[in-house]
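# take this sequence and fold it.
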Amino acid sequence: MTDKIHYVTAEGLEKLKAELHDLKTVKRRETAERVDAARSLGDLSENAEYQEAKQQLGMIESRIIQLNEMLKNISVIESEKGAGGAVIIGSTVVVASSGKKKEFQIVGSNEADPAAGRISNESPIGNAFLGHKKGDAVSVSTPGGTTTYTIVEVK
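Numbers count the residues shown, from 1 in each chain. Below you'll find the predicted structure:
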């Protein structure tokens, strides 16, 4: 893995830690038990339960490694406003475009949930807002075309 900084809120950090704990203490054990039970059924070459359980155990181990690496390079987003009211990771931004208002929270990519208004700082829209202030017009190029947003409020 690379040394990429992963930005998360304090809540997001707790969720990652809880997921890691669950994988290590519950899921890994349960899946290992399924592997053992399937192994006891005999011929492993044609044992679909065994193959599926082994594959799932591999995915769990991969996710544990991924989470451990991520937690080594994590930066918790403070909920303070940016310098001079500028948009930073963790800011909630109210914008207007074509007469419609929208609200976005700029979060790290691990916590992004566009349907809930949480957009990644690495997305075209999230990245375009960073550093801008109330009143700024920001043009965003996306695969769907260019949209201009006016920043109404930075929280």
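# relative to Thr31, how far out is Ile64?
12 Å (CB to CB, to the nearest Å). For every residue, glycine as well, the C-beta is placed using N, CA and C.
# of those two, who's got more company?
Thr31 (21 against 16; other CB atoms under 10 Å).
# show me the contacts for the most centrally placed residue in the chain.
Note on the chain: the residue nearest the mean C-alpha position is Asn110, at 1.3 Å, using CA atoms, centre = their mean. Residues near Asn110 by CB atoms under 8 Å, 6 or more residues apart in numbering: His6, Tyr7, Val8, Gly12, Leu16, Met70.
# again with Arg39
So Arg39 contacts Asn47, Tyr50 (CB under 8 Å, 6+ apart).
# the longest strand anywhere in the chain - contacts with which helices or strands?
Counting by DSSP state E, the longest strand found in the chain is strand 145-154. Applying 3 or more CB pairs under 8 Å, 6 or more residues apart in numbering; DSSP states H and E, one finds that strand 145-154 contacts strand 92-97, helix 124-129, strand 137-142.
# so which of the ones you listed is nearest Lys155?
The closest of the helices and strands packed on strand 145-154 to Lys155 is strand 92-97. By CB to CB, the value is 4.1 Å.
# and that closest one with strand 145-154, angle?
Strand 92-97 runs at 130 degrees relative to strand 145-154, counting by axes from the mean of the first three to the mean of the last three CA atoms, to 10 degrees.
# list the buried ones in strand 92-97?
Thr92, Val93, Val94, Val95 (16 or more other CB atoms under 10 Å).
# who touches it?
87, 101-106, 129, 138, 147-155.
# now the helices for this protein?
10-22, 28-39, 48-72, 124-129 (DSSP state H).
# per-domain residue ranges of this protein.
In the assignment given by automatic domain parsing, the structural domains of the chain cover 6-76, 83-154.
# gap between the two ends of the shortest one?
Terminal residues of domain 6-76 lie 8 Å apart, using CA to CA, to the nearest Å.
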